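1. Just to be clear, the model below is a prediction. Sequence and coordinates:
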Amino acid sequence: MTAIIDGKATAAAIKAEIAEKVAARKAAGLKVPHLAAILVGHDGGSETYVASKVKACEECGFKSSLIRFESTDEAPLDPAVLMAEIARLNADDDVDGFIVQLPLPRHIDEQAVIEAIDPAKDVDGFHPVNVGRQSVGLPCFHSATPAGIVELLRRYNISPAGRRVVIVGRSNIVGKPLAAMLMQKGEGADATVTVCHSHTPELARVTRQADILVAAMGRPGFITADMVSEGAVVIDVGTTRVPDATRKSGFRLRGDVDYENVAPKCAAITPVPGGVGPMTIVSLMLNTLQAAQNRD
Ligand code: NAP
């Protein structure tokens, strides 16, 4: 029997736990965590993600602020305006943490934007200070998606300790930080980690060695049944919009795993949607709560 790892239900349980902690903060006269988000332009995916983050703030009892900047090909946003807003949020005592929703329009230097955020308010965990602290196992804001995956495994009693984890994808927001977290010494980690990418030869031979296989490529249905060993745990991070005429939106989300054919072979698997996605948002909420606690 394959266990379906329910990220949606797990995320709901964690949000309820956070809401209780926020209520306790209020009762103790402490401030409610405040998360701000900057959204540039009108990318469809980004609009959805930011709306989900604002909703999650409401569910957790947080204060949230959404700061929007218009940017089009005809009238691109001046990057200096964005940098000034980041400086303002860095200095705003009421804001515990903030994010700049990625991707940004191509004319804006994303890395410069990430590095402009005060690491103490970098609840996305993308600033090199947080990345560096994470890699040496110091307290930091962990990148939200990897932290969500680690928490999901923990809550499903799937210990990575001593197991072979194969991650397909080496992005700065998923593959690399997840590898860093799972290879640390200690509870919820202690895994033997292999990271694959587009230059990995004989990919299927490597993925078949995985006790825990993580797909983070953005290639819908790429991981097929022949690439997965019997009894593996499969974590599907991929979320690609694929056309679907039966939906009002005209699309649906598809993961990197050929779910129908892979699931029967697995000990456990995350669905898309309802797997890793909701956990990413919850990790952001946990980081924001932590940011508020750090500033008490
Ligand atoms: P990314 O920056 O585009 O990186 C994709 C990675 O996959 C790269 O390392 C790339 O290799 C590798 N790759 C692509 N094709 C490959 C192939 N044929 N064989 C082996 N490796 C291959 O992507 P990302 O930002 O990490 O996102 C990955 C997916 O996760 C996307 O679908 C994204 O939407 C989704 N995502 C979901 C969440 C969530 O909360 N659920 C959060 C973040 C991302 P190279 O480095 O060699 O190019």
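-> Yep, that arrived. No experiment lies behind these values; they were computed from the predicted model shown.
2. C-alpha from now on. contacts and neighbour counts both.
-> Will do.
3. helix or strand for residue 26, which one?
-> Counting by DSSP states H and E, the element that carries residue 26 is helix 7-27.
4. One more: residue 35?
-> strand 34-40.
5. strands paired with that strand, and their directions?
-> Strand 34-40 has the following strand partners under DSSP bridges: strand 63-69 (parallel), strand 97-100 (parallel).
6. of those strands, which approaches residue 83 most closely?
-> strand 97-100 (10.6 Å; C-alpha to C-alpha).
7. what residues does that closest one touch?
-> With contact meaning C-alpha atoms under 8 Å, 6 or more residues apart in numbering, strand 97-100 is reached by 34-39, 89, 114, 120-124, 288, 291-292.
8. mind running it again at 10 Å?
-> Strand 97-100 is contacted from outside by 33-40, 50, 64-67, 82, 86, 89-90, 110, 113-114, 117-126, 284-285, 287-292, using C-alpha atoms under 10 Å, 6 or more residues apart in numbering.
9. Can the helix holding residue 26 be said to contact the ligand?
-> No - using C-alpha under 6 Å from any ligand atom, helix 7-27 never reaches the ligand; the gap is at least 10.1 Å.
10. in that helix, what counts as buried?
-> Under the neighbour-count criterion of 16 or more other C-alpha atoms under 10 Å, helix 7-27 has 7, 8, 10, 11, 12, 14, 15, 18, 19, 21, 22, 23 buried.
11. What residues does the first one make contact with?
-> Contacts of residue 7 were listed using C-alpha under 10 Å, 6+ apart, and they are 13, 148-149, 151-152, 270-280, 282.
12. 6 Å instead, please
-> Contacts for residue 7 (C-alpha atoms under 6 Å, 6 or more residues apart in numbering) come out as 274, 275, 276, 278, 279.
13. residues in contact with the residue lying closest to residue 238 once chain neighbours are set aside?
-> Nearest residue to residue 238 in three dimensions, chain neighbours excluded: residue 255, at 4.3 Å (C-alpha to C-alpha, 6 or more residues apart in numbering). Applying C-alpha under 6 Å, 6+ apart, we find residue 255 in contact with 220, 238, 239, 272.
14. Now with 10 Å, please.
-> Taking C-alpha under 10 Å, 6+ apart as the criterion, residue 255 is in contact with 215-223, 235-242, 270-273, 275.
15. So what's the residue count around whatever residue of the stretch 1-150 of the chain ends up closest to the ligand?
-> Closest residue of the stretch 1-150 of the chain to the ligand, C-alpha to the nearest ligand atom: residue 145 (5.4 Å). Residues contacting residue 145 under the criterion other C-alpha atoms under 10 Å number 25.
16. Which strand or helix spans it?
-> Using DSSP H and E, residue 145 falls in helix 144-155.
17. if I look at the residue lying closest to residue 282 once chain neighbours are set aside, how far off is residue 275?
-> Nearest residue to residue 282 in three dimensions, chain neighbours excluded: residue 11, at 6.0 Å (C-alpha to C-alpha, 6+ apart). As judged by C-alpha to C-alpha, to the nearest Å, residue 11 and residue 275 stand 9 Å apart.
18. Now do the shared contacts for the two.
-> Common contact partners of residue 11 and residue 275 (C-alpha under 10 Å, 6+ apart): 148, 152.
19. sorry, back to before: any chance of the strands paired with strand 34-40 in a markdown table with mean pLDDT as columns?
-> Putting the strands paired with strand 34-40 into a markdown table (pLDDT from 0 to 100) gives the following:
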| stretch | mean pLDDT |
| --- | --- |
| strand 63-69 | 98 |
| strand 97-100 | 98 |
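20. Buried deepest among those strands, which one?
-> strand 97-100 (a mean of 25; mean count of other C-alpha atoms under 10 Å).
21. coming back round to it: could you dump the helix holding residue 145 to CSV, C-alpha only?
-> The C-alpha trace of helix 144-155 is given here as CSV (Å, rounded to 0.1, in the frame of the first residue of the first chain):
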residue,chain,number,x,y,z
ALA,A,144,10.9,27.5,2.8
THR,A,145,10.5,24.6,0.3
PRO,A,146,13.3,22.5,1.7
ALA,A,147,12.2,23.2,5.3
GLY,A,148,8.7,22.2,4.3
ILE,A,149,10.0,18.9,2.9
VAL,A,150,12.1,18.1,6.0
GLU,A,151,9.1,18.8,8.2
LEU,A,152,6.8,16.7,6.0
LEU,A,153,9.2,13.7,6.3
ARG,A,154,9.4,14.3,10.1
ARG,A,155,5.6,14.4,10.5
